[in-house]
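K.L.:
just coords:
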């Protein structure tokens, strides 16, 4: 899909800036200025997802991510965002079931095995969580995954193992 052009691009950039400042309400207001014809543009939908996530409005975030995945199924973003929203809605098994087949479709996207590790850990399958973390390390590198994992409460049961890497 073609990139956003001014003035819509400016509204999108302003929304991004507001999110960087921790103000999803103002970001949403900027997105509301985007032309109605472009509100379903993938970049706008992804930014709208970030707004909903910033406000912890996970039902709304899920709906936006579903639209994004339907619009650009060849992009991993919508799939990742859907699974994350499901997980935040305490629907971790659904998040797992959605993301698992996507892992083979996008083998070089490190956040997919990382999120699968989180979901496996939260479902009580530490062995699977370790296997998915190992795959994430293959893609993103040990130090980056270690730093992320030691801050991630979803992986807290594995922190002693991860500290030993």
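P.N.:
Cool, the structure landed. All values derive from a computational prediction rather than experimental measurement.

K.L.:
and the strands in the protein, which stretches?
P.N.:
Along the chain, counting by DSSP state E, no stretch forms strands.

K.L.:
where are the low-confidence patches of it?
P.N.:
The model of the chain has pLDDT under 70 over residues 1.

K.L.:
ok, and the closest non-adjacent residue to the residue most central in space within it?
P.N.:
By CA atoms, centre = their mean, the chain has its centre lying nearest to residue 81, at 3.8 Å. Spatial nearest neighbour of residue 81, excluding adjacent residues (CB to CB, 6 or more residues apart in numbering): residue 65 at 3.7 Å. In short, each C-beta sits where N, CA and C put it, glycine included.

K.L.:
still on that earlier bit, the residue nearest to the centre of the chain contacts residue 67, doesn't it?
P.N.:
No - using CB atoms under 8 Å, residue 81 is not in contact with residue 67, being 10.3 Å away.

K.L.:
how much space between residue 160 and residue 126?
P.N.:
11 Å (CB to CB, to the nearest Å).

K.L.:
how about residue 137?
P.N.:
Taking CB to CB, one finds residue 137 at 16 Å from residue 126.

K.L.:
in terms of neighbours, single out the busier of those two.
P.N.:
Ranked by neighbour count (other CB atoms under 10 Å), residue 137 and residue 126 place residue 137 first, with 20 against 15.

K.L.:
how much space separates residue 143 from residue 126?
P.N.:
22 Å.

K.L.:
ok, back up a step: list the contacts for the residue nearest to residue 81?
P.N.:
49, 78-79, 81-82, 84-85 (CB atoms under 8 Å, 6 or more residues apart in numbering).

K.L.:
which parts of this protein are helices?
P.N.:
Applying DSSP state H to the chain gives helices spanning 8-20, 24-31, 42-54, 58-71, 76-88, 92-105, 111-122, 126-140, 142-149, 159-163.

K.L.:
do you know which of those helices lies nearest residue 2?
P.N.:
Residue 2 lies closest, by CB to CB, to one member of those: helix 42-54, at 10.2 Å.

K.L.:
so what's the gap between stretch 95-104 and the chain middle?
P.N.:
From the chain centre to the centre of stretch 95-104 is a distance of 13 Å (CA atoms, centre = their mean, to the nearest Å).
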